[in-house]
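Participant: Structure, please.
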Amino acid sequence: MSRWAVLLALGALACDSGPHALAREGGAETEPEPLPWFGGPDYYGDWPRGFPTSTSFFPIGVWMQNPMNAERFAEVGVNHFLGLWEGPTDEQLATARAERMPVVCEQQGVWEASLSEPGIQGWLQSDGPDNAQELEDGSYGPCISPMQTQARYANMVAGDASRPVWLLLGQGVATPDWVGRGECTGRTEDYPQYAASADILVNYTYPLANQNPLELVAVGIQKLNEYAGWQKPVIADIEASSIRGLPRPTPHELRAEVWMSLIHGAAGVSYFCHRMEPLNETDCLDDPETAAALARLNREITELAPVLNTVSYGLEPRSANPAVPVRAVLKRAGAVRYVFAAGLANASTTATFAVAGLVGGARVEVIGEGREVTAGDGAFEDEFAAYDVHLYRLTLP
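Facilitator: Numbers count the residues shown, from 1 in each chain. Next up, the predicted model:
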């Protein structure tokens with residue numbers, strides 16, 4: 001089933017399982033253990049024409065846009081285009097080059113004549129092979145087998161090994177019984193094999209568009225990382241528009257989906273900005289509130305890129321409300337500690353974070369909120385409204 005068919009379908013089944021815990025609960029005074037990790041920007045060094053290896057770079061993309069809109073997307077912090085409609089064409093590549101917008105595209109069109117094009121930073125497999133595939137008569141056949149995607153991957157690498165190959169996978173990652181996979185529904189054993197079919201993986205769930213809870217994005221990122229053995233970057237593709245005429249994500253919901261994904265191991269983000277009925281590919285930019293929210297959010301991510309591009313350490317905050325899990329990771333930068341945390345339910349709670357070496361009375365900055373909280377001995381606490389995200393910075397003595 002194509003991406004477009006999926007988005008035009010009726011709502012999908014909800015998933016009632018929450019994201020896996022990142023670490024055991026507790027207030028241990030010892031430093032937490034590092035979490036599994038693909039290795040950060042050094043990973044991209046295997047491809048001389050791929051992404052930069054600088055720790056200041058963090059992937060922020062947008063799905064299937066016209067390069068004529070590259071300047072508008074760059075203004076809100078997007079640093080690459082993922083997919084070129086029926087491309088690449090000479091015109092698309094020339095426009096992207098003029099706008100200094102790198103692209104990831106399929107090996108079709110003028111790709112063979114464009115191998116020296118520095119703006120092409122990756123190759124894209126066909127979208128959503130795990131979904132039921134639309135046939136010429138409008139009906140749907142089975143998913144594309146992992147064996148086929150692996151063979152296609154090998155052919156793409158043979159065509160050009162200087163750029164990584166990307167693969168996008170759908171809601172079945174997060175929801176094993178999702179009907180959009182057709183006769184492949186429930187075949188979770190396919191996913192480790194799909195994960196072996198590319199160098200960079202992407203997952204999309206679009207919970208609001210499918211009337212699912214927001215935390216489904218975290219489930220998908222966690223599971224796809226596990227299917228890949230935490231050996232490859234997994235990018236979170238986030239809904240940022242009124243996809244089927246349903247309410248668009250609010251700025252609060254958009255930030256929640258992005259940070260829930262990052263906390264669960266996403267190595268980058270990409271946005272789906274189309275409205276499907278009626279079709280408008282720049283819907284997320286044409287709504288002023290959403291465009292402003294994207295600019296703020298992407299600026300926040302870019303400023304924190306050197307921190308995001310380091311290994312995470314597991315934390316499991318104590319939530320005063322058992323119905324509201326709060327998930328968090330800890331990052332280290334010398335004596336500075338960062339704690340990135342999100343509430344994974346549409347309800348409020350108070351969360352307590354244990355940080356080894358934290359002394360009573362220490363001030364903990366809440367990044368971007370213009371406030372601080374005061375720590376007790378070895379821990380601090382904070383309030384979380386529904387789907388709140390809080391980012392903390394503190395310095396140990």
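Participant: For residue 208, give me the pLDDT.
Facilitator: At residue 208, the predicted lDDT confidence score is 94.
Participant: got it, and the one 4 residues further on?
Facilitator: Per-residue confidence (pLDDT) for residue 212: 95.
Participant: And the host helix or strand of residue 121, what does it pack against?
Facilitator: Residue 121 belongs to strand 120-124 when assigned by DSSP states H and E. Under the contact definition 3 or more C-beta pairs under 8 Å, 6 or more residues apart in numbering; DSSP states H and E, strand 120-124 sits against strand 103-105, strand 165-169. For glycine as for every other residue, the C-beta is placed from the backbone atoms N, C-alpha and C.
Participant: pLDDT on the helix or strand just after the longest one, on average?
Facilitator: On the C-terminal side of strand 165-169, the nearest following helix or strand under DSSP H and E is helix 190-195. Along helix 190-195, the predicted local confidence has a mean pLDDT of 98.
Participant: Now do helix 190-195: which elements does it pack against?
Facilitator: Short answer (3+ C-beta pairs under 8 Å, 6+ apart): helix 190-195 packs on helix 146-159, strand 165-169, helix 216-227.
Participant: what about 7 Å?
Facilitator: helix 146-159, helix 216-227 (3 or more C-beta pairs under 7 Å, 6 or more residues apart in numbering; DSSP states H and E).
Participant: remind me which residues of the stretch 1-150 of the chain are low pLDDT?
Facilitator: Residues of the stretch 1-150 of the chain that meet the criterion pLDDT under 70 lie in 1-29.
Participant: all strands for it, in order.
Facilitator: 60-63, 80-82, 103-105, 120-124, 133-134, 140-141 (DSSP state E, counting those that start in this stretch).
Participant: how much does the fourth one deviate in direction from helix 146-159?
Facilitator: The directions of strand 120-124 and helix 146-159 differ by 150 degrees, with axes from the mean of the first three to the mean of the last three C-alpha atoms, to 10 degrees as the criterion.
Participant: Buried residues in stretch 48-64, which are they?
Facilitator: 49, 50, 51, 57, 58, 59, 60, 61, 62, 63, 64 (16 or more other C-beta atoms under 10 Å).
Participant: Report the inter-axis angle for the strand holding residue 121 versus strand 165-169.
Facilitator: 50 degrees.
Participant: ok, strand 120-124: who's next to it in the sheet?
Facilitator: The strands beside strand 120-124 in its sheet (DSSP bridges) come out as strand 103-105 (parallel), strand 165-169 (parallel).
Participant: returning to that earlier point: CSV for the helices and strands packed on strand 120-124, including mean neighbour count and distance to residue 37?
Facilitator: Formatted as CSV, the helices and strands packed on strand 120-124 follow (neighbours: other C-beta atoms under 10 Å; distance: least, C-beta to C-beta, whole Å):
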stretch, mean neighbour count, distance to residue 37
strand 103-105, 27, 22
strand 165-169, 26, 19
